[in-house]
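Undergrad: my questions are about this predicted structure, shown below with the sequence.
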Amino acid sequence: MMTASVSTAVTALPSDEISREELFRRRGDSSLIVVDVLPKDGYDSGHIPGAVNLPVDELTERAPEVLPNRAAEIAVYCGSFT
């Protein structure tokens, strides 16, 4: 069983929210990119499987490289996953 200490809602850009349950249900959905904005050590200590690590302090610099599809649905979360 997987548990997560992320908030009960995850923001999907631009401003919609999806529940944690919906996020987990859609984990394998290629139309949704899940982004963990914690620093690398936080990501390494536990994250949602399939999530991309893009730390907040690297967001501006690395977003075009990590998230090349600007039309993709993106869910961003900040929290540990264990």
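TA: Done, it's in.
Undergrad: the residue most central in space within the chain and Ile48: what is the separation?
TA: By Cα atoms, centre = their mean, the mean C-alpha position of the chain lies nearest to Val35, the distance being 2.6 Å. Distance of Val35 to Ile48, computed by Cβ to Cβ, to the nearest Å: 10 Å. To be clear about C-beta, it is placed using only N, CA and C from the backbone, and glycine gets the same treatment.
Undergrad: pull up the overlap in contacts between the two.
TA: Listed as contacting both Val35 and Ile48 by Cβ atoms under 8 Å, 6 or more residues apart in numbering are Tyr77.
Undergrad: before we move on, back to that, give the contact list for the residue nearest to the centre of the chain.
TA: For Val35, counting by Cβ under 8 Å, 6+ apart, the contacting residues are Ala51, Val52, Asn53, Leu54, Val66, Leu67, Ile74, Ala75, Val76, Tyr77.
Undergrad: the same query, at a cut-off of 7 Å, please.
TA: Going by Cβ atoms under 7 Å, 6 or more residues apart in numbering, Val35 touches Ala51, Val52, Leu54, Ile74, Ala75, Val76.
Undergrad: any low-confidence regions in this protein?
TA: 1-15, 80-82 (pLDDT under 70).
Undergrad: run the chain-centre distance for the helix ranked longest in it.
TA: Of all segments of type helix in the chain, defined using DSSP state H, the longest is helix 59-66. Relative to its chain's centre, helix 59-66 lies at 14 Å (Cα atoms, centre = their mean, to the nearest Å).
Undergrad: what does it rub up against?
TA: Val52, Leu54.
Undergrad: so whatever helix or strand comes next after that helix versus helix 59-66, what angle?
TA: For helix 59-66, the following helix or strand on the C-terminal side (DSSP states H and E) is strand 73-77. Comparing the axes of strand 73-77 and helix 59-66 via axes from the mean of the first three to the mean of the last three Cα atoms, to 10 degrees yields an angle of 140 degrees.
Undergrad: partners of strand 73-77 in the sheet?
TA: Applying DSSP bridges, strand 73-77 is found paired with strand 9-12 (antiparallel), strand 32-36 (parallel).
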